[in-house]
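Trainee: 3D model of this:
(chains A and B)
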Number of protein chains: 2
Amino acid sequence: MASIADISVSAAINLLSALAFLLAFAILRLQPFNDRVYFPKWYLKGIRGSPTGSTMVKKFVNLDLGTYIRFLNWMPAALHMPEPELIDHAGLDSAVFVRIYMLGVKIFAPITVLAFVVLVPVNWTGRTLEAPGAKDLQFSDIDKISISNIPFGSDRFWAHIVMSYVFSSWTCYSLYTEYKNIATMRLRFLAAERRRPDQFTVLVRNVPPDPDESVSEHIEHFFCVNHPDHYLMHQVVYNANKLATIVAEKKSLINWYTYYQNKFERDPSQRPITRTGFMGCVGAKVDAIDHYTALIDDLSKQEAEERENVIKNPNAVIPAAFVSFKTRWGAAVCAQTQQTSNPTVWLTEWAPEPRDVFWENLAIPYFDLSMRRLLMTVSLFFLTFCFMIPIAFVQSLANIEAIEKVFPFLKSIIEKGSIKSLIQGFLPGLALKIFLAILPKIIMAMSKVEGFTSLTALERRSASKYYLFVLVNVFLGSVITGTAFQQLQQFLNQPSTEFTKTVGSTIPMKATFFITYIMVDGWAGIAAEVLRLSPLIQFHLKNAFLVKTEQDKENAMDPGSLEFATSEPRIQLYFMLGHVYAPVTPFLLPFIVVFFAFSYLIFRHQIINVYNQQYESGASFWPDVHGRVVLGLIISQILLMGLLSTRGTEKSTLVLVAQPLLTFWFHRYCKGRFESAFVKFPLEDAMVKDTLERAVEPNLNLRVYLQDAYVHPVFIGNEFEKPSIIDDEEDNPLIQTTRASHRKGSKPESDSETGSC
Amino acid sequence: MASIADISVSAAINLLSALAFLLAFAILRLQPFNDRVYFPKWYLKGIRGSPTGSTMVKKFVNLDLGTYIRFLNWMPAALHMPEPELIDHAGLDSAVFVRIYMLGVKIFAPITVLAFVVLVPVNWTGRTLEAPGAKDLQFSDIDKISISNIPFGSDRFWAHIVMSYVFSSWTCYSLYTEYKNIATMRLRFLAAERRRPDQFTVLVRNVPPDPDESVSEHIEHFFCVNHPDHYLMHQVVYNANKLATIVAEKKSLINWYTYYQNKFERDPSQRPITRTGFMGCVGAKVDAIDHYTALIDDLSKQEAEERENVIKNPNAVIPAAFVSFKTRWGAAVCAQTQQTSNPTVWLTEWAPEPRDVFWENLAIPYFDLSMRRLLMTVSLFFLTFCFMIPIAFVQSLANIEAIEKVFPFLKSIIEKGSIKSLIQGFLPGLALKIFLAILPKIIMAMSKVEGFTSLTALERRSASKYYLFVLVNVFLGSVITGTAFQQLQQFLNQPSTEFTKTVGSTIPMKATFFITYIMVDGWAGIAAEVLRLSPLIQFHLKNAFLVKTEQDKENAMDPGSLEFATSEPRIQLYFMLGHVYAPVTPFLLPFIVVFFAFSYLIFRHQIINVYNQQYESGASFWPDVHGRVVLGLIISQILLMGLLSTRGTEKSTLVLVAQPLLTFWFHRYCKGRFESAFVKFPLEDAMVKDTLERAVEPNLNLRVYLQDAYVHPVFIGNEFEKPSIIDDEEDNPLIQTTRASHRKGSKPESDSETGSC
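Mentor: Sure thing, here's the model as predicted:
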């Protein structure tokens, strides 16, 4: 076990690297030519423009030495913006996200103080490790203030049991307050929101096929009949997945075209050349500009054709639609109720905001959905517990002998001593590194297969999956050495009490490992985040090769966003470490507190100056965050039981049995008390907003407002010529049937596909 | 282990006793003086009147010998009534309940045939038990056709693995079809229902207190604002629990009064005497009729006072109400949506039908509810796993020495040999017997504490609890000998795989025990049910002492009802036994099939002729039944895995791992596909009914129809003089505020407490 000196060295290294990152950041951010990398949010908001210094040099380099002296002055600035302004500036999602870090500080700062005041003296005076009778144990000062220093079966363990209850109570209290605050913030945010299309709109999926009517007619008739006083209009969804692929392809070709065009303009003596084959590396040589012009023309034709096809072909309409209502009340009612006796058709849910829609998943039938979930659950299980198997296989292939066999010409190079050892040290890890790098993408792809219809839902789902992975492979994997699959075997073949005991008793020994982990991943990692190295390089590359106009410059910016799906599960790991070690090794706690405080600072700065969230969900992820903190707490309580029961205190450990039960009950209570604020839509609030709006804007034409709100993004910007669909029953109030087969005349002059009844 | 001969003897005994019960029933039911015991349903329906034979004798005894010969002719009669008529006659709840038995036949009859065709030959030719090298094993013919006869590690186990999949698939298929049928039946039943108050009504609970308004005003304003187009009226709920107690007490006194009155009329020479003390046994002697007249008068006064108090005192109004809407659509919307941003107030749910309301639980605040659930969950745990502890304690007290100490005067009697052995044999079991007899009452009381608001919900909840108890204490308790608490210890201290192995390998040995159990509890027990011994005796006792008028006779009938809370979990035990033993000991299956078929017959007869359901829930219990059958199936699959893994087939057993997962997925799929038909209220159906009603009865006055629908039963029959509450805003359409403090004038001449806005 590492001594305090070892830890100090590690801390020094990590502090220095964190400081280096911060210093680099402080210098880079002051250079005007990096301005769009470090302050993209202000550009997107239109508040900040390109620097217009007097000389050329000043445009690129900051020569005002005074600003360098105050190189850390962004820190107070980041804390300066008050929360309401922050919500207004960055959105509720971001504001609540940084509150997770603040929650960490709130929970662990008092726990740290309490642990040092109460537990450290109790442990220190335990004197087991340095007792004359003790075996020749290797121990450090950290162990002397940890639970390991308490003699077997001592009554001193009561201190830990009581403190565990105190810590849990404090955590639950903080969680409760925070849940309450965030629910209030969300409600206030929703109430203050301006008129938005999704307030009036419901996403209807699984529209059943009708032999006599088109999807659009069927939808209109159904809602005219069942929501006669509230139905306003609807927008059908076109299957534009193919079109979207073409558009994306065309965009990439245009980028290449611009690149060669720029190259040619700079050096008009020589027309740029490319090859027609893979990645421009193989195949016949052609004139690059002509080649890309031809390709783009070709794609444009295809695009126009596909566009025509999507709009004209009735089969391109998928059985889903965005149905809008005259009032928010009507939409709230439709979103929360079941429409027909068959719960697998006419599924209604509150529409995500237009930017948040995941268009590809709108047309999945009910049975398929159910099947996909099953498959993905099984895949997640294998991904979590068996991911080491294919990686070990790849590792066994990717050794030096195998490489020499496939590429004999490399033999002479590889055999050189230094390169050989480099490869041997590097290759086995490479497969794992690559896997871990693409893991978030794999998980996101799995969530997409599951069929969620909004990006928010996809992110939340991916976060759950990632959390499971982190919990099993990072936390448990570090505590019990061995792969997850071996852990699973151990878990199945041991009594459940024995398993907790095994894990619990290993916990104190791993404290130093986790302290180092916190410093590397938490301190230095977060400091690296602020530097934004990859967007910095990308921006300057794009700037050099693609940018011609101000608009291009705008496009070259990559503000990025908070990656909820990967960041949040990582934060949860710190919550769990804190809870697990609070009663065991209090020495770890300050490191956690520093992590949370430092991250809070960094991310607050980032959401103010950098990140640009693509959509706003109104903090709808909070129930997940809350649930996972509680889960971590429960796991820590169970592990403490396991640990204590190996220390000769079986009887007193029984007192701890109630703790996870109470915590679980607390979770259920919070869920019932607050969760509905995040998933349901109270009628009272809808009615208040409706009434207010009617009073303020009595002549609002909602139909015009909502007309093109839910159009597939590939149609936005184009003149979206909507197909004219039968609408000859504008004035015929329907009575009861939704299948009026005699109403089939066509009135092409009708200007809208939708009409209220 | 018992041989086939032993089983035959047991079967013969049980068949004979079942036959004796049936014979007794056949004779008793033909006697006219028992008519009201065996055909109460027809009397309640008014189809059957008291027998009006020509002579006195014929009124009491059936002398037509011809009818005795065809003494089993009620059996075909019971099957004769077609299902739609049965639903009309007995209600959907009862019709669906007997379908559970039919489902058992449908599932297990083909499984039995298949098992005997495939598994019995495979087992029989296994020849392990009679192999010359086999140890000196005791085995019977039953074991020879069970899985025990297959050699260790044999490939023959593949037959069992494949058949297990076949059985599970067939069960799932049957369950799916049945769920689908019952969902259709329920929807048809709901659609065909006549107008009922609960179709228009929503139960609103947790109305928040308002400083400026009474509960009734607050409710009216809230719904006028938030459901302006649909709100019709509401009925507040009075806390009449005390009044209900007084009324019940008075009713019992009146019974005693009638008893003495009758006694006096039959023997006018002597006025009956009673004592004032406990149970009429101690205290001063008084004239019974005068005594009870005085008591009744006293109570009547109290009742009138309390009635006055309830109606006048504003604090007697509890913060809950039944809110009615103009249309079913409006009620469906309100029941399914969240009203305000605080999910703990203004809770709305579809109102139970008036007879189904459990009035005492309407006023429990949210936090209390949550707390009560926690407490009851913990209690249920202790009840299930630790119930033996207090019983063992009572048993240790209730031995002969203890009795002699407390009642020394009994010593001489007890010490007599025969009585002593009787007491010694009888006493220890007595505590357990008493406990098991009152167990359903304990469980029901626990469910009541949990705060459910309808009797249906109470029954369903109690059934879940009882199922847990039966599963742990009857099934597992018989398989692993020892108390549930010991099982729990074993479960915690063994690896989970080891536990399944222990249980699984014990299964084949317990087959004969369960066969006997099925015959005693299933065959003879069900036959006893048809005899209705306890209601028979009670009816004749009441008839002798209390009955004077035809009305009294009506009241003396006790038709009883299907006790869902206790019967259904018992059926589930048979489903589970069937599934567990199907691949292991096919010999048990015919007993299960006979049980299901016989019960189907008996209960079909009972629901046609006897039982009178108190309320109708439209088979809303089916999802529970389905879920528990699936749970039993999953348990059986896991136990089979445990069993096979002890027989040297670890590898092939892995094939079985997928089975519980697939079954669980099947359950989830069915839940998503059908459950909402049992818990939600589709708007389309509501709209169809509304439209139809508007067309047929355009002038229906719904307000009058609903006026007294939801009145506490103690007020029914009395002239319920409703308190006149302020209603001066009949013509003032409210705009937005629910707290219009200036509207506080009183208009006592208003005839209704409620008015639409």
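
Trainee: C-alpha from now on. contacts and neighbour counts both.
Mentor: OK.

Trainee: and the longest helix along chain A, what's buried?
Mentor: Determined from DSSP state H, the single longest helix within chain A is helix A:157-192. Buried residues in helix A:157-192, counted by 16 or more other Cα atoms under 10 Å in any protein chain shown: A:157, A:160-161, A:163-165, A:167-168, A:170-172, A:174-176, A:178-180, A:182-187, A:189.

Trainee: is chain B contacted by that helix?
Mentor: Yes: judged by Cα under 8 Å from any Cα of the partner chain, helix A:157-192 and chain B are in contact via A:Leu187.

Trainee: how about the helices of the stretch 551-700 of chain A, start to end?
Mentor: Assignment of helices within the stretch 551-700 of chain A using DSSP state H, counting those that start in this stretch yields the ranges A:564-581, A:589-609, A:622-645, A:650-653, A:658-670, A:676-679, A:683-696.

Trainee: would you mind pulling up the elements that the longest helix of chain A packs against?
Mentor: Counting by 3 or more Cα pairs under 8 Å, 6 or more residues apart in numbering or on different chains; DSSP states H and E, the packing neighbours recorded for helix A:157-192 are helix A:92-114, helix A:622-645, helix A:658-670, helix A:676-679.

Trainee: next, format those as a markdown table and append mean neighbour count.
Mentor: Listed next are those as a markdown table, based on neighbours: other Cα atoms under 10 Å in any protein chain shown:
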| stretch | mean neighbour count |
| --- | --- |
| helix A:92-114 | 21 |
| helix A:622-645 | 22 |
| helix A:658-670 | 17 |
| helix A:676-679 | 18 |
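
Trainee: next, format these as TSV and append distance to chain B and mean pLDDT.
Mentor: Below are the helices and strands packed on helix A:157-192 laid out as TSV (distance: least, Cα to the nearest Cα, whole Å; pLDDT from 0 to 100):
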stretch	distance to chain B	mean pLDDT
helix A:92-114	18	94
helix A:622-645	13	92
helix A:658-670	7	92
helix A:676-679	6	85
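
Trainee: residue of chain A closest to chain B, please.
Mentor: A:Pro495 (3.3 Å; Cα to the nearest Cα).

Trainee: shaky segments in the stretch 401-550 of chain A?
Mentor: Applying pLDDT under 70 to the stretch 401-550 of chain A flags residues A:401-403, A:414-418, A:421-429, A:481-487, A:496, A:548-550.

Trainee: chain B contacts on that one?
Mentor: Counting by Cα under 8 Å from any Cα, the residues of the stretch 401-550 of chain A close to chain B are A:491-498.

Trainee: let's see that with 6 Å instead.
Mentor: Counting by Cα under 6 Å from any Cα of the partner chain, the stretch 401-550 of chain A comes close to chain B at A:492-496.

Trainee: just the closest of the residues you listed to B:Ser478, please.
Mentor: Distances from B:Ser478 to these, taken as Cα to Cα, are shortest for A:Pro495 (22.6 Å).

Trainee: wait, what's in contact with the closest one?
Mentor: B:493-495 (Cα atoms under 6 Å, 6 or more residues apart in numbering or on different chains).

Trainee: take those residues and keep only those in helices.
Mentor: The helices, defined by DSSP H, take in B:Asn493 from the contacts of A:Pro495.

Trainee: just give me the closest of the contacts of A:Pro495 to chain A.
Mentor: Nearest to chain A among the contacts of A:Pro495, counting by Cα to the nearest Cα, is B:Pro495 at 3.3 Å.

Trainee: follow-up on the earlier one: so for the longest helix of chain A, mean pLDDT?
Mentor: Helix A:157-192 shows a mean pLDDT of 92 in the predicted model.

Trainee: at which residues are the helices of the stretch 1-150 of chain A located?
Mentor: Remark: helices assigned in the stretch 1-150 of chain A by DSSP H, counting those that start in this stretch are A:4-30, A:35-38, A:40-44, A:56-60, A:65-69, A:74-80, A:83-90, A:92-114, A:120-124, A:141-144.

Trainee: by contact count, what packs against the longest one?
Mentor: Identification of packing neighbours for helix A:4-30 by 3 or more Cα pairs under 6 Å, 6 or more residues apart in numbering or on different chains; DSSP states H and E yields helix A:525-531.

Trainee: which elements pack onto the following helix or strand past the helix it packs on?
Mentor: Using DSSP states H and E, the helix or strand that follows helix A:525-531 in sequence is helix A:533-545. The contact analysis (3+ Cα pairs under 6 Å, 6+ apart) places helix A:533-545 against no helix or strand.

Trainee: and the contacts of helix A:533-545?
Mentor: A:37, A:259, A:556.

Trainee: which of the residues you listed lies closest to B:Val247?
Mentor: Closest to B:Val247 out of the contacts of helix A:533-545 is A:Val37 (80.5 Å), distances taken as Cα to Cα.

Trainee: and that closest one, what does it touch?
Mentor: A:Leu536.

Trainee: again, only using 8 Å
Mentor: A:532, A:535-536, A:539, A:557-559, A:610 (Cα atoms under 8 Å, 6 or more residues apart in numbering or on different chains).

Trainee: and the pLDDT for the closest residue in space to A:Tyr231 that isn't next to it in sequence?
Mentor: Residue nearest to A:Tyr231 in three dimensions, not counting chain neighbours: A:Phe325, with 4.6 Å by Cα to Cα, 6 or more residues apart in numbering or on different chains. On pLDDT, A:Phe325 comes in at 92.

Trainee: how many residues are close by A:Gln707?
Mentor: Counted with other Cα atoms under 10 Å in any protein chain shown, residues neighbouring A:Gln707 total 16.

Trainee: actually A:Ile289, not the one I wrote
Mentor: Applying other Cα under 10 Å, we find 20 residues neighbouring A:Ile289.

Trainee: next up, the contacts around it.
Mentor: Contact analysis of A:Ile289 by Cα under 8 Å, 6+ apart lists A:257, A:260-261, A:271-272.

Trainee: state the mean pLDDT of the helix or strand containing it.
Mentor: Assigned by DSSP H and E, A:Ile289 belongs to helix A:288-312. Here helix A:288-312 scores 84 as its mean pLDDT.
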